[in-house]
Structures are given as C-alpha cells and as structure tokens.
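Trainee: sequence plus the predicted model coming up.
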Amino acid sequence: MGTATGGAGVAGVPDSVGRMSVGVSLLRTAGFAAVYAAAFLAGRTTVLSGHHLALLWPAAGVAVVWFCAQRRARARWVDGLALYTIGLAGNMLTGAEPALGAALALANLVQVIVFTALLSRCRPALWGAGGHLRLSTPRDLGYVLGTTVAAVIAGATTCQAGIWLVTGQLTGSSFISWITRDIASGILIGVAGLWFGPAVSAFRQRHGSLVGWWRSADRALRAIPGWRVGEYLTVATCFAGAYLIGFVADNGLPLIAVTAWAAIRLRTGFVVLNNLVLAGATVVVTLHGEGALADIADPYLRAVTAHLLVTIVAVAALALALERDERAGLFRELADQREQAREHAALMSAIIDSMGDGLSVVDGRGRVVLRNRAAVRLLGEVSVVGDAHRRLRRLDGTPVPTEALPHTRALAGDHVEGDDLLVRKPGDHDPRIVQVTATPLPNGRGCRSAVVLYHDVTAERRHRDLLVNFAGSVAHDLQSPLTAVEGWTELASDALDAEQPAIDRSRDSLSRVSRAAIRMRGLINDLLAYTAARDADLAPTRVELTGLVGDVAAARADAAVAAGRPAPQVALGRLHPVQADAGAVRQLLDNLIGNAIKYTAPGVTPHLRITSARLGDTVAVTISDNGIGIPAGQHEAIFGDFHRAHADGGYTGTGLGLAICHRIVTRHGGTITADDNPGGGARFTFTLPAADPPPAVGEPPLALPSTTAPTRTGGRVPARA
C-alpha cells in the first residue's frame, strides 16, 4: 500500500529530511490562508438573503489542499488557527452573527481535520495522507470519495448543531446543501491537489527552481507527438462547443459523452483539469439561472442538483481514467515480467548448457522436456528418456530393468544417489561410465517430473582401477622379497645359535631385519585391507554378530596366549543381527577388538564388553575396554589415515586400522564414534543396518542386554592401529 503516515517525505524523501523549517512552514501557511480567504469570500457572496449557508463553497476544496500540503509543517496548529480565524472573520464581515460565524468556522475546521485524519488512516501512501504517491487507481478514488463524504457529514452535523444552538432552528435543505456543495468542492479541488501535488513536490525536489521546472516541462511537451496535441485541442474545442451550445443555449446535457471520450483517450491530468473547469462553469451558470437546470425554481434545489451533476460526471470520468491507467500499468508490469522471465530463461539455458554434467528433465510420461548439450553428448539425441536409458547397463554389462532405471525410480518418488552405470551410444566402441543421480520434481498439479544428472566418471574409475591394480601388484611383488628376507633371517639365526657367543651382535642385527620385515608385511596387509574397504564391492547379507564376535575374540585370545600375554576377557550382551557384508564386518570387528587388546597397559588383563541396541532401522554396537584410553582432543582424529594416537608409547601400528573401520561403516551408511569409557579405557560405537524389522508398537525393546559371560577376547581401546 505504501509507507505509513509520516514514514516518507515528499517524493520519497525521509521524514527527517522532508519536514520543512518553521519559517518556510509559516510562509506557506500565509500563502494558503490568502487563497482560502479569497475562496471563502467568493463562496459567501452566494449566500441568499435570509439564509445562513452559501450555494457555492470552493473553500472546502482549498482547505483540503491546504492541509494536505502542510501535513509536514512543524507548527500545524498555526494552520488550524488560521483557518478558523479566517472563517470567523469572513462570516462576520459578510453579515453573520458572531456566535453563528464561530459555529460555521468550527464546522469548516472539523471537516478538514476529519478528512486528513481518515485519509491518513485509510490510505497512508497518498500524498495528502503523509506519503508521496499521487492518486493512481480507482480504489484510491474510492477512498478519497468515502473520506470526503464522511468528513462533510461531520462538518454538516457540526454546522447544524451550531445553528440550532444559536437560532433554535434546523432546516433539512441547508443540511443537504452543505453536503452536496462541499462534496463537490472536496472531490473536484481536493482530487486536483492530490493529483498535481506530488508532481509539483517531485519537480521541486528534482529541479529546485521554477526555471528548472519549466525547462523540464518544456522538454516533456516537446516529446508529445503532434497528433496527440491535435487530439487534446480537438477535445478542448468539443468541450467548449458542447458546453456553450448544448448546456447553455439548448439546455441539454451533451457533456457526458465528451467527458467519457477524454477519460478514455487522454491523460488523467487533463481529465482532472477538465472536470475542474467544467464543474466551475456549470455551477456558476446554474446559479445565475442559465443552462439546463435553470427551470428549477428553488435556488437550494437548483444548487444541489448542479453539485450532484458535476460530482457524478467528475467521479465517472476519473474512475474511467484511473482504471485505464491501472490497466496500462498492469500491462507494462506484465511486459516487464515477461521480459525478465525471458532473460532469466535465456540465462538458465546458457548456464545449463555450460555444465559439464548431463542434465535431463523428464515428465510423467517419460518424455524429455529439457536437456543440455552434455546430456546429448553422453546419451545422444533422444526425445524419450526410456530410449536413452535402454543404452544403460550395469557395470557387469547386464541390462537395467525398467523399474530400476533412475528416471523411473525418481518418477515414483525415490531419490537416486550416484548409481554407476555403463552407457554406449550407437557407433561408440568404448563404453562410458556415468554416475546417475535422479530427483523427483513435483510441478504443483499432482504430476511428478524428474531431474536426472549424468556425471561422466570414466576417467576417475579407470584411474582408480589403475591405482588399485598398482597397489595390489606392488603388495604382491613385495610379499616375495619379504618372504625371502624372513626365511634367510630365520636360517641365519639358526646357524648362529650353534656358534660362539661372540657373534651375538650379528644375531641382533638379524632380529632387527626380521622385525622390519614383519612391520612391512603388516603395512602391506593394512594397505590391502584399506583398499578393499574403500573400493571392493559389498555383498550385504544377514550377519549374526554373536557368532562372528565369538570367532574373532577366540582367534585374538589364542594369539595372545601364544605370545605369552594374558588372555583377554570379553563380556557379551545381546547382539542383534545386521544386514551387511560379512567379510567387511569381520574386518571391522577384528580391528576394533585387536586394538582394544593391543592398547592395554603392560601386565593388565584386557577386559572388553560388547553390546548392541536397536535404533530404528539400525543396530548400534558398543565395544568398551579397560585400555589406556584416547588422548584428549583426538577422539575424531584417530579415524584419519595414518593417524597414530600413541606413536611415542611403544605401541606398533600403521595408523590405518581405524581408518579401515571408518570406511567400512560409512560405506554401509552408518557412523562410528569414539569416547572415553566411564570405567577407564575407551568406548567405540558404530551403527550398521539392521537385518530384522523394528519391533511392533507395544513390544518390549530389543536393546536390553542379556546376561554376560566371560570369554576370551580383547576390548576396544582409543588408540589407532
């Protein structure tokens, strides 16, 4: 709607800047007071002998313009005082009694105050209400008309109350005459002020002087086409002729047709001025007993009829003109929006075509409604996405079923994230590997479309395969020299055992060689496990954790006993089955349990507790130990590649054990965290997909631990293997 009352200055200037100085305000008050006094005296000359009210009252409209223009004056009370004083003095000078003159002046003041107050509340964006916008829509005209009627009724009521208090008489004719004359004056003169006031204020703000205003107006007039100037002159001539011939000489009413012509064809400012001139001439001619309304004998009834006529014609003309302006503004706005939409579409098209990834938008019938150049390059020129997707194959070369195609799943409401598929266009001998992502796209009408992205990962996958093959080849090739080193070291040690003690130093060197070979083998095995955990295909199946943990714990216990260390003790709670790759889960448990056993203080028997809890569709497994714990601040860092939390503690390792665990868990869609065990040591928790559906509502939770039984095995510690 616009800014609140007082929220914007003239022509958009802020309130703090738009307020005028006291000197300027008083000077403007004096100017408006002079104009109001002239209009007041002109109206008082139409008072009939023996009556109190004038038949014509231009002062009502002048007062509206006055108070609208002075809405930002610092001393507005001076304007009110000046208006009342002029009214009182004018009434007394034209023959009214002092008490009656005071009542009539008060009615005029009440009327203009009610008008400005109501307009400020109903339409705060308008110029006369404290904003900076001019009258521009039929709705604005409706607000002004309603505000004028309400204000005039308030003024007429105050006037009648004053007359009754002074004279003890009430006359309906004077009440109706007040209402019609002041409504006509307020609409005609007030609307002119609300229309031209913002223009004058804007020109003053922009040009600062009358000379600058005149130059700008001259340029604007020169820009008007000649035929348009001719039309204005024609309308003005027709108005003058129709008025003189039809209304004055022939007592007819041909003005409405010409007024409608002007309202439909010409600028609204011209219509406002035309209404003002036409109304003034009509009322003056009528009051002098001439024109189409001269046959009405009663002067009050004749004045009321004239005021009603000019008010109706003026409101109708303004409504037509303002509706035309509003419609033209909406058309311009629509054209601008279309242009913006076209530019935005062109920009989006350019952006989409510049993408390196292929993009297709598929409708509910499987038709491609949008695609970029990369999609054409990858899949070829097709209009039905099914034709393109029939060229897709799984990585093993088998066809993808229709219901499993990415766009089909997306149209069904699923989100497809990064499926690797093979694609081969006709004539291509080298298939490409694309990573396909598909997302459903509701269109607001219940139908679903899909956005399908194709990312060419051929080079990435081939590079990865080369690295994997290289790592596997290197690891395999290193196994042979390691085996030779270990074997020859063992033979040399056996031979040295039979010799004299003098060669102990040689035996020590061979022991160091053997330990280095063992560390190298451990690193190679960890690298192979890490590569498998990162890139190997997963084959999810139902895995019973109880049996798997028991096997891993037994193997670790046997190894500890064989090495002369205390056998670890493991307490098992209830372990829920999971849906995961069995080999990967075994690797995960072996690393966690092995770390728990390894990172236990010397001479301390490892104690581990392994439990699980059902969390919706996942199973959370917790491994707690009594080891040496995780150094402060490293609870997240320990899952990084080659990170060793206890590198200086005499504990051997490559720093890949927990990185392998993290990779295995995340590839299954789970999480793994480490924290301190309240009883000392470390506690690791990881989640994996559950193999069984969640318990029904009302069933007891399955996460309650069962009784624990000590077993051989190692607990989990916070260190990195």
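Mentor: Received, thanks.
Trainee: so, low pLDDT: which residues of the stretch 151-300 of the chain?
Mentor: 202-229, 231-232, 235-259, 261-262, 291-292, 294 (pLDDT under 70).
Trainee: which parts of it are helices?
Mentor: Taking DSSP state H, counting those that start in this stretch as the test, the helices found in the stretch 151-300 of the chain are 172-207, 210-222, 226-241, 255-265, 268-287, 299-353.
Trainee: give the other helices and strands that the longest strand along the chain contacts.
Mentor: Using DSSP state E, we find that the single longest strand of the chain is strand 432-442. Here strand 432-442 touches helix 406-411, strand 416-423, strand 448-456, helix 458-497, going by 3 or more C-beta pairs under 8 Å, 6 or more residues apart in numbering; DSSP states H and E. To be clear about C-beta, it is placed using only N, CA and C from the backbone, and glycine gets the same treatment.
Trainee: chain neighbours aside, what residue packs nearest to Gly329?
Mentor: Nearest residue to Gly329 in three dimensions, chain neighbours excluded: Ser136, at 7.8 Å (C-beta to C-beta, 6 or more residues apart in numbering).
Trainee: so that neighbour, which of the three states?
Mentor: Secondary structure state of Ser136, per DSSP: H, G, I helix; E, B strand; the rest coil, is coil.
Trainee: any idea how far it is from Ala96?
Mentor: For Ser136, the distance to Ala96 equals 40 Å [C-beta to C-beta, to the nearest Å].
Trainee: what's the answer for Gly197, then?
Mentor: For Gly197, the distance to Ala96 - C-beta to C-beta - is 32 Å.
Trainee: quick revisit: now do the contacts for the residue nearest to Gly329.
Mentor: By C-beta atoms under 8 Å, 6 or more residues apart in numbering, Ser136 lies in contact with 322, 325-326, 329.
Trainee: at 10 Å instead, please
Mentor: Counting by C-beta atoms under 10 Å, 6 or more residues apart in numbering, Ser136 touches 125-126, 194-195, 198, 268, 322, 325-326, 329.
Trainee: buried ones only from these, please, as a PyMOL command.
Mentor: Selection of buried members from these for PyMOL, criterion 16 or more other C-beta atoms under 10 Å:
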select buried, resi 125+126+194+195+198+268+322+325
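Trainee: now the contacts of Ser136 in TSV, with distance to Pro694?
Mentor: As requested, those are exported to TSV (distance: C-beta to C-beta, whole Å):
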residue	distance to Pro694
Ala125	59
Leu126	64
Leu194	70
Trp195	72
Pro198	69
Thr268	71
Leu322	66
Asp325	66
Glu326	61
Gly329	60
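Trainee: name the nearest of the contacts of Ser136 relative to Thr618.
Mentor: Ala125 (58.3 Å; C-beta to C-beta).
Trainee: hmm, Leu133 and the closest one touching each other?
Mentor: Yes. Under the criterion of C-beta atoms under 10 Å, Ala125 makes contact with Leu133 at 4.7 Å.
Trainee: which residue is the nearest non-sequential neighbour of Asp325?
Mentor: Thr268 (5.7 Å).
Trainee: right, and that neighbour touches Ala317 too?
Mentor: Yes. Counting by C-beta under 10 Å, Thr268 does reach Ala317; the two are 9.3 Å apart.
Trainee: how about Arg371: what's its closest non-neighbour residue?
Mentor: Ser360 (4.6 Å).
Trainee: check Thr605 too.
Mentor: Pro566 (4.2 Å).
Trainee: residues contacting that neighbour?
Mentor: Contacts of Pro566 (C-beta under 10 Å, 6+ apart): 557, 560, 597, 600, 603-606.
Trainee: ranking these by neighbours, who comes first?
Mentor: Pro606 (30 neighbours; other C-beta atoms under 10 Å).
Trainee: look up how far Val62 lies from the nearest residue to it once chain neighbours are set aside.
Mentor: Closest residue in space to Pro606, ignoring its immediate chain neighbours: Pro568 at 3.9 Å, by C-beta to C-beta, 6+ apart. Distance, Pro568 to Val62, using C-beta to C-beta: 104 Å.
Trainee: what does Asp396 give?
Mentor: 92 Å.
Trainee: which of the two has more neighbours?
Mentor: Val62 (26 against 7).
Trainee: that one contacts Asp182, correct?
Mentor: No. Taking contacts as C-beta under 10 Å, Val62 lies outside contact range of Asp182: 11.5 Å.
Trainee: which residues are common contacts for those two?
Mentor: Taking C-beta under 10 Å, 6+ apart as the criterion, Val62 and Asp182 do not both touch any residue.
Trainee: what about His25, which helix or strand?
Mentor: Slight slip there: residue 25 is Ser, not His. Taking DSSP states H and E as the criterion, Ser25 maps to helix 22-44.
Trainee: correction: the previous question concerned Arg74.
Mentor: Per DSSP H and E, there is no helix or strand for Arg74.
Trainee: which of the residues in the helix or strand hosting Gln587 are buried?
Mentor: According to DSSP H and E, Gln587 maps onto helix 582-598. The neighbour-count check on helix 582-598 (16+ other C-beta under 10 Å) flags 582, 584-598 as buried.
Trainee: and what of stretch 353-372?
Mentor: For stretch 353-372, by 16+ other C-beta under 10 Å, it's 357-363, 366, 368, 371-372.
Trainee: name the nearest of the residues you listed relative to Tyr84.
Mentor: Closest approach between the buried residues of stretch 353-372 and Tyr84, by C-beta to C-beta: Val361, at 71.6 Å.
Trainee: OK, contacts around the closest one?
Mentor: 352, 367-372, 375, 385, 407, 441, 449-452.
Trainee: next one: Glu323
Mentor: Taking C-beta under 10 Å, 6+ apart as the test, what Glu323 contacts is 137-139, 141, 263-264.
Trainee: can you lay out those residues as TSV showing neighbour count?
Mentor: Converted to TSV, the contacts of Glu323 look like this (neighbours: other C-beta atoms under 10 Å):
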residue	neighbour count
Thr137	15
Pro138	18
Arg139	13
Leu141	20
Ala263	23
Ile264	13
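Trainee: of all those, which comes closest to Thr167?
Mentor: Once C-beta to C-beta is applied, the member of these that ends up nearest Thr167 is Leu141, at 37.5 Å.
Trainee: test my guess that the closest one contacts Leu318.
Mentor: Yes. Counting by C-beta under 10 Å, Leu318 is a contact partner of Leu141 at 5.5 Å.
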